[in-house]
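Novice: after the sequence you'll find the predicted model.
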Amino acid sequence: MRGKHALVIAACLLAVSATAALSATTRRSWKPKATAVIEVRQPDGNLRVYYSPSGVVYWSDELPIIQGDRLVVHAFVSTGEATLKKAIIRLDNKELKTLTQSPWSVEINTAHLSTGYHFVEAVATAGDRTDIGTATFMVAPATDAVLKETIAPKPPEPTPPAPTAPELVCRVRSTIEAIDQALVRGETIILKEPTLFWVQAVPAAKEFQYTLERGGKETFRSSSIPIPNYLRLSPRQPDGTGLEPGEVTLTVKAGDGKGSFGPPAVVKIQVVSG
């Protein structure tokens, strides 16, 4: 009888051990997998585009980042059934920020970085397990000779000629009534949410172009946009798009589709945080 009891106890111990091992294996299977992804935007918030022999492309790790551009580091983490506790973003072995909720991203102003190579890490913790995703990038000055010859800091866009058709007058309107009334009165517009604008022009106008300026310096120039069409402007959003707070000048010119443009319609915009 004692031998049978011993066999039963041994079998129970083996079963408990196997269950514990299986449980431990199951817990270990939920180790997080972190990936650090870099997104590059121009100072005005628009995505940076480059020219290559194959055409226009967005940033990839074989391309330099122009000093002064905005770099957004995203922590993409797969956790299985575990809960993502936090993600630490590090730059050149120094912690930038500890994230505990969405959005799992941090913006870096490359104007403050030295030229050359840099290294970012996304250190993710789920449960009691940690994983690290890494990425590298190179910062180059906008004046770099090779950069200027091989990569355009922004797509070359047509420059509208000086007004040659005084009859192609236009004015900027908005789909938001309060803003539209302020536009009619010629007042400064307060931009505190995404807003649609449209161009009211004479029947002969077929297109329009617009520019954005800060402090007397042009920061963006559009290509020709057919009339009718909407122009969407927005304050800075969590995903990095939109305009920084401050005063912006919007200038619009209507064209006849044959190269002639009318006088400018100028709107002062005060961008405030959303």
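Specialist: The structure has been received and is ready for your questions.
Novice: what secondary structure does residue 184 sit in?
Specialist: helix (DSSP: H, G, I helix; E, B strand; the rest coil).
Novice: next up, the contacts around the spatially most central residue of the chain.
Specialist: The residue lying closest to the centre of the chain (C-alpha atoms, centre = their mean) is residue 240, at 4.1 Å. Residues near residue 240 by C-beta atoms under 8 Å, 6 or more residues apart in numbering: 39, 41, 45, 70, 72, 105, 107. The C-beta positions use only the backbone N, C-alpha and C, and glycine is treated the same way.
Novice: and if we set it to 6 Å?
Specialist: Residue 240 sits next to 41, 72 when contact means C-beta atoms under 6 Å, 6 or more residues apart in numbering.
Novice: can you tell me how far it is from residue 44?
Specialist: As for residue 240, its distance to residue 44 is 11 Å (criterion: C-beta to C-beta, to the nearest Å).
Novice: likewise residue 175?
Specialist: Counting by C-beta to C-beta, the gap from residue 175 to residue 44 is 22 Å.
Novice: which one's more surrounded, the two?
Specialist: residue 44 (16 against 11; other C-beta atoms under 10 Å).
Novice: does that one lie in a helix or a strand, and which?
Specialist: Here residue 44 is covered by no helix or strand, with elements defined by DSSP states H and E.
Novice: what are the phi and psi angles of it?
Specialist: phi -80, psi 0 (degrees, to the nearest 10).
Novice: re earlier: tell me the SS of the residue nearest to the centre of the chain?
Specialist: Judged by three-state DSSP, the three-state class of residue 240 is coil.
Novice: residue 34 now?
Specialist: With three-state DSSP as the basis, residue 34 sits in strand.
Novice: in the sheet, who's paired with it?
Specialist: residue 77 (DSSP bridges).
Novice: how about residue 88?
Specialist: residue 98, residue 123.
Novice: what's near enough to touch it?
Specialist: 95, 98, 123.
Novice: again with residue 245
Specialist: The contact partners of residue 245, taken as C-beta under 6 Å, 6+ apart, are 271, 272, 273.
Novice: likewise for residue 115?
Specialist: Taking C-beta under 6 Å, 6+ apart, we find residue 115 in contact with 139, 140, 141.
Novice: follow-up on the earlier one: any idea of the pLDDT on the residue nearest to the centre of the chain?
Specialist: Residue 240 is assigned a pLDDT of 74 by the prediction.
Novice: which residues does stretch 167-179 contact?
Specialist: Against stretch 167-179 from outside (C-beta under 6 Å, 6+ apart): 180, 183, 189, 195-201, 205, 252, 254, 262, 265, 267.
Novice: inside strands: which ones of these?
Specialist: Among the contacts of stretch 167-179, DSSP state E puts 189, 195, 196, 197, 198, 199, 200, 201, 252, 254, 265, 267 in strands.
Novice: count the neighbours of the residue nearest to residue 42 when sequence neighbours are not counted for me.
Specialist: The shortest distance from residue 42 to any non-neighbouring residue, by C-beta to C-beta, 6 or more residues apart in numbering, is to residue 48 (5.2 Å). For residue 48, the count of nearby residues is 20 (other C-beta under 10 Å).
Novice: which residues touch residue 48?
Specialist: Counted by C-beta under 6 Å, 6+ apart, residue 48 has contacts 40, 41, 42, 59, 69.
Novice: next one: the third one from residue 243, what distance?
Specialist: Spatial separation of residue 42 from residue 243 under the definition C-beta to C-beta is 12 Å.
Novice: more neighbours: these two, which one.
Specialist: Set residue 42 next to residue 243 and count neighbours by other C-beta under 10 Å: residue 243 wins out with 21 against 17.
Novice: just checking, the more buried one touches residue 270?
Specialist: No. If you go by C-beta atoms under 6 Å, residue 243 and residue 270 don't touch, sitting 10.5 Å apart.
Novice: can you pull out the strands in the stretch 51-200 of the chain?
Specialist: Using DSSP state E, counting those that start in this stretch, the strands of the stretch 51-200 of the chain run over residues 55-58, 65-66, 70-78, 84-91, 94-99, 105-109, 116-126, 129-140, 170-174, 189-191, 195-201.
Novice: which one of those strands is the most hemmed in?
Specialist: strand 65-66 (a mean of 23; mean count of other C-beta atoms under 10 Å).
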